[in-house]
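Engineer: 3D, please:
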Amino acid sequence: MGLLTLSEIWIYPIKSLGGIRLSKSEVMPKGLRYDRRWMLIDDAGIFITQRVHSIMAFFKLSFSGEQFTVNIKNDYIHLPAGAPVSPVPITATVWDDTIEVYEVLGEYSQWFTQRLGINCRLVHFPEENQRLVDEKYRLENDSVSLADGYPFLIIGQSSLDDLNTRLENPVPMNRFRPNFVFTGGKPFEEDQWRNFTIGKNRFAGVKPCGRCVLTTVNQETAERGAEPLAMLTTYRRMNNKVYFGQNLLAIDCYEIHEGDKIELGS
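Structural biologist: Down below sits the predicted model:
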């Protein structure tokens, strides 16, 4: 089987915008530090994603000195990790969840509105605000950030390699927005992972990740196609859903590093 090794770590600070690859990160109960702690909402307070607005793929992020930079083409804006927010909460909706968020003060909402071409507000989801994981999969009172449903997502490089052998045009891992990528092991073996460690951190695999049309958006061109969802439907469909990757909950909260060894438990 070979060693199982954590090969990539990713965060997506603003939900549905570009990801940032890190060599190390801090595991927190709601997800990696800074992962999906911000999002864009419309006038009704509903979250905005590439599922509807594929142009969001053009927004790329980088991180340096406790500050994010959001780039779109030759335009950019800096977002400090501790950017001040309005003291007045906003009620927002992420899927079936209603949560309290706070608008980031400054020109951010206007900047995104002008570049997306739709009215939107950039909001922050504080660490202390709760958003419970689906009760069927909770270990305790597990909470999640603004990710779709779970704090962490892991995918094996072998799983992507297997998919790409079946596709006419291979797709990169960024179609699937994982937090963790690992090397070694068999395709899709992460489906069966329940208790395991990455470095010093214990994790629980709770549910394979159901995939949607966001996987069909090319992250470089913002164009939408049929793949890889069409191919995945032919061999990764169960219970009327298409699965790729495993959703995780954290049991420990230590720093995690690229190169950490993964050890499977019972």
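Engineer: how about the secondary structure of L214?
Structural biologist: Put simply, L214 is helix when judged by DSSP: H, G, I helix; E, B strand; the rest coil.
Engineer: residue contacts, it?
Structural biologist: By CB atoms under 8 Å, 6 or more residues apart in numbering, the residues touching L214 are S16, T49, Q50, R51, R177. Every C-beta, even on glycine, is put in place using the N, C-alpha and C of the backbone.
Engineer: list buried residues within those residues.
Structural biologist: Buried members of the contacts of L214, counted by 16 or more other CB atoms under 10 Å: S16, T49, Q50, R177.
Engineer: what kind of secondary structure is the last one in?
Structural biologist: Meaning R177. Going by three-state DSSP: R177 is coil.
Engineer: helices of this structure, start to end?
Structural biologist: 108-116, 157-166, 229-235 (DSSP state H).
Engineer: got CSV for those, with mean pLDDT, distance to E190 and mean neighbour count too?
Structural biologist: Shown next, in CSV, are the helices of the chain (pLDDT from 0 to 100; distance: least, CB to CB, whole Å; neighbours: other CB atoms under 10 Å):
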stretch, mean pLDDT, distance to E190, mean neighbour count
helix 108-116, 98, 34, 18
helix 157-166, 98, 7, 17
helix 229-235, 98, 15, 14
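Engineer: so which of those helices gets nearest T93?
Structural biologist: Judged by CB to CB, the one of the helices of the chain that comes nearest to T93 is helix 108-116, at 17.3 Å.
Engineer: hmm, back to that, among the contacts of L214, which two are most distant?
Structural biologist: With distances taken as CB to CB, the most widely separated pair in these is R51 and R177, at 12.1 Å.
Engineer: list just the nearest of the contacts of L214 to L122.
Structural biologist: L122 lies nearest to S16 out of the contacts of L214, by CB to CB, at 12.2 Å.
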